[in-house]
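1. Predicted model follows, preceded by the sequence.
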Amino acid sequence: MYSTVVVGAGPAGSTAARFLSENGHDVILIDRKEVVGLPKQCAEGIFSACFPEFSTAIGDFITGSARYLQVVFPNLTSYRVRGDLYMLDRPSFDQHLLRVAERSGAEVVLGQKVESIDPESGEVRLKGGETIKAETVIGADGPASRVARSMGMRNRLVPAAQVEMTWPEDDAIYAYLDHDLRPFNSYSSWIFPKNDRGTANVGCFGTVPTLESFISKYKIEGEVLEKNGGAIPLGIAPRLQQGRAVLIGDAGGLTNPFTGGGLYPAARSARIAAEAIDRFLRGETNKIEYESRMRKDFVASDLHLKARDVLAGLSNDELCRLGTAMNGLIFPGLKFTASPWLIWRGIRHPGIMKPKYAPLLKLLFRYCLAGKVW
Ligand SMILES: Cc1cc2nc3c(=O)[nH]c(=O)nc-3n(C[C@H](O)[C@H](O)[C@H](O)COP(=O)(O)OP(=O)(O)OC[C@H]3O[C@@H](n4cnc5c(N)ncnc54)[C@H](O)[C@@H]3O)c2cc1C
């Protein structure tokens with residue numbers, strides 16, 4: 001009998017397995033893939049301020065950095081936010097996190113699919129019929145989580161399509177806001193250059209035809225080297241734990257619905273879950289105190305979804321007006337103290353100060369207080 005079975009060795013699962021193993025628990029980490037991280041399903045961007053949550057040093061898996069996030073409106077107006085960004089090599093990053101978990105003592109089983117779990121008994125059923133028993137189960141098996149299904153839930157998912165194409169040296173990553181590209185999220189599409197590789201991940205929320213429309217409408221040019229994509233949860237799961245089982249990362253729908261970024265929430269929820277399970281296994285609590293803590297964390301706040309709804313509801317006319325109001329602004333940092341006059345110039349503009357934008361402004365204010373966005 002194991003202390004914990006972790007289902008899924010993505011960033012969330014490997015991080016949780018590592019933290020629990022470091023605390024002396026008997027952990028088994030199972031993934032259906034023979035090689036984790038492949039195929040790539042990520043634009044590979046992460047703000048440096050989010051990185052420490054993984055408690056690992058910056059390594060060979062960085063493929064470039066950018067100094068700005070540039071937000072582009074349909075009339076090609078834009079503003080920039082200064083924020084040190086890393087571009088990952090996601091497959092290497094996932095494999096690195098798995099190695100760290102293994103070195104910490106977790107038993108790793110690859111190429112084994114989990115069919116279902118029993119949250120009350122802690123029994124995990126593998127494809128082929130074998131069962132494993134554990135005192136606790138962590139569901140870290142991504143957006144279409146089997147563990148979540150065993151708990152009676154399915155995540156609401158949005159599709160994302162992406163290509164990696166050749167791209168010149170660049171100092172920014174780009175987020176495009178365009179309602180006509182059917183935004184499922186707060187922004188519709190992105191370009192994330194990877195300077196060390198001379199490529200960029202160019203993608204959108206939506207399917208391949210939407211991506212083709214984006215590329216042709218904005219005249220994005222480059223040689224396509226790889227096509228990929230995936231699904232992104234839109235909104236946190238109604239429950240994050242039941243009996244002996246908890247959901248972390250995409251399995252719990254914890255991706256930021258405003259940005260689509262899920263790496264930071266994966267690490268954050270892994271840490272909170274590992275701490276709660278550690279205390280439970282040591283007998284310090286009589287139930288796993290994960291959900292109550294997680295829901296209080298800003299990562300799980302419904303403000304992200306509310307702000308996403310505001311932006312997704314704006315027509316292209318409104319977006320163009322907003323773009324014109326903000327065109328050319330450069331916010332030197334995410335901290336409010338960075339440049340009060342720039343913020344003042346932005347918020348006093350009549351195009352921006354509208355009651356319906358309140359959740360959006362509130363969210364941006366919270367990001368500034370936290371000093372990071374993800
Ligand atoms: C196109 C795209 C672009 C993105 N870009 C970014 C970005 O730039 N920055 C960012 O922060 N986030 C981004 N994300 C989101 C980010 O990739 C996810 O939030 C992140 O991967 C979540 O990590 P996870 O460990 O929870 O899940 P995953 O990374 O999905 O890992 C789940 C693991 O579980 C395994 N698994 C699944 N089912 C089973 C099963 N039944 N049995 C055993 N194993 C199983 C899988 O093989 C996988 O290894 C993007 C997502 C997409 C789709």
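-> Great, that's in hand. It should be emphasised that the depicted structure is a prediction, and the values quoted were computed from it without experimental measurement. Numbering: from 1, shown residues only.
2. which secondary element of the chain has the worst mean pLDDT?
-> helix 340-347 (a mean of 63; mean pLDDT, DSSP states H and E).
3. Okay, buried residues for the helix or strand following that helix please.
-> Using DSSP states H and E, the helix or strand that directly follows helix 340-347 along the chain is helix 358-370. Residues of helix 358-370 classed as buried: 359, 360, 361, 363, 364, 367, 368 (neighbour count, 16 or more other Cβ atoms under 10 Å). Glycine gets a C-beta too; all of them are placed from N, C-alpha and C.
4. Just the closest of the residues you listed to the ligand, please.
-> Nearest to the ligand among these: residue 367, at 14.4 Å, using Cβ to the nearest ligand atom.
5. Give me the neighbour count for residue 301.
-> 16 (other Cβ atoms under 10 Å).
6. OK, contacts around the residue in the stretch 251-374 of the chain positioned nearest to the ligand?
-> In the stretch 251-374 of the chain, the residue that lies nearest the ligand is residue 262 (1.7 Å; Cβ to the nearest ligand atom). Listed by Cβ atoms under 8 Å, 6 or more residues apart in numbering, the contact set of residue 262 reads 232, 233, 249, 250, 254, 255, 256.
7. Just give the closest residue to the third one, not the sequence neighbours.
-> Just to be clear, that refers to residue 249. residue 12 (2.8 Å; Cβ to Cβ, 6 or more residues apart in numbering).
8. do the same with the fifth one
-> Taking Cβ to Cβ, 6+ apart as the measure, residue 254 lies nearest to residue 265, with 4.1 Å between them; neighbours along the chain are not counted.
9. I'd say the one you found and residue 249 touch.
-> Yes. In terms of Cβ atoms under 8 Å, residue 265 counts as a neighbour of residue 249; the distance is 6.7 Å.
10. For the stretch 201-350 of the chain, what lies in contact range of the ligand?
-> Within reach of the ligand by Cβ under 6 Å from any ligand atom, the stretch 201-350 of the chain has these residues: 203, 229-230, 232, 249-251, 255, 260-263, 266.
11. of the residues you listed, closest to residue 62?
-> residue 263 (13.2 Å; Cβ to Cβ).
12. Tell me the confidence at that closest one?
-> Model confidence at residue 263, expressed as pLDDT, equals 97.
13. what helix or strand does the residue nearest to it when sequence neighbours are not counted sit in?
-> Closest residue to residue 263 apart from its sequence neighbours, by Cβ to Cβ, 6+ apart: residue 46 at 5.2 Å. Secondary structure from DSSP H and E places residue 46 in strand 45-47.
14. now swap in residue 267 and tell me
-> Applying DSSP H and E, one finds residue 267 within helix 263-281.
15. So what's the residue count around the residue lying closest to residue 204 once chain neighbours are set aside?
-> Excluding its sequence neighbours, the residue lying closest to residue 204 (Cβ to Cβ, 6+ apart) is residue 189, at 3.8 Å. Counted with other Cβ under 10 Å, residues neighbouring residue 189 total 29.
16. hang on, residue 82 in a strand?
-> Yes. Residue 82 forms part of a strand when assessed by DSSP: H, G, I helix; E, B strand; the rest coil.
17. hang on, it packs against residue 371?
-> No. The pair residue 82 / residue 371 is not scored as a contact, 11.9 Å apart, by Cβ under 8 Å.
18. returning to what we had before: joint contacts of residue 265 and residue 249?
-> Joint contacts of residue 265 and residue 249 (Cβ under 8 Å, 6+ apart) are residue 255.
19. Which of these two has more residues huddled nearby?
-> Per other Cβ under 10 Å, whichever of residue 265 and residue 249 has more neighbours is residue 249, with 32 against 29.
20. Kindly provide the distance from the residue nearest the centre of the chain to residue 160.
-> The chain has residue 262 as the residue nearest its centroid, 0.9 Å off, counting by Cα atoms, centre = their mean. Look at residue 262 and residue 160: by Cβ to Cβ, to the nearest Å, they are 11 Å apart.
21. cool, and residue 324?
-> 29 Å.
22. for the residue nearest to residue 254, what are its contacts?
-> Neighbours of residue 265 in contact, by Cβ under 8 Å, 6+ apart: 249, 254, 255, 256, 299, 300, 374.
23. Verify the stated contact: residue 279 with residue 289.
-> Yes. At 7.0 Å, residue 279 counts as touching residue 289 under the criterion of Cβ under 8 Å.
24. what's around residue 27, how many residues?
-> For residue 27, using other Cβ under 10 Å, the count is 29.
25. ditto for residue 29
-> That count, for residue 29 with other Cβ under 10 Å as the rule, works out to 28.
26. quick one, the helix or strand it falls within and helix 263-281 angle?
-> Using DSSP H and E, residue 29 sits within strand 27-31. Going by axes from the mean of the first three to the mean of the last three Cα atoms, to 10 degrees, strand 27-31 is angled at 140 degrees with respect to helix 263-281.
27. Strand 27-31 - what's its average pLDDT?
-> 98.
28. elements contacting that strand?
-> strand 2-7, helix 11-22, helix 90-103, strand 107-110, strand 131-139 (3 or more Cβ pairs under 8 Å, 6 or more residues apart in numbering; DSSP states H and E).
29. now, of those, which is deepest in the fold?
-> helix 11-22 (a mean of 29; mean count of other Cβ atoms under 10 Å).
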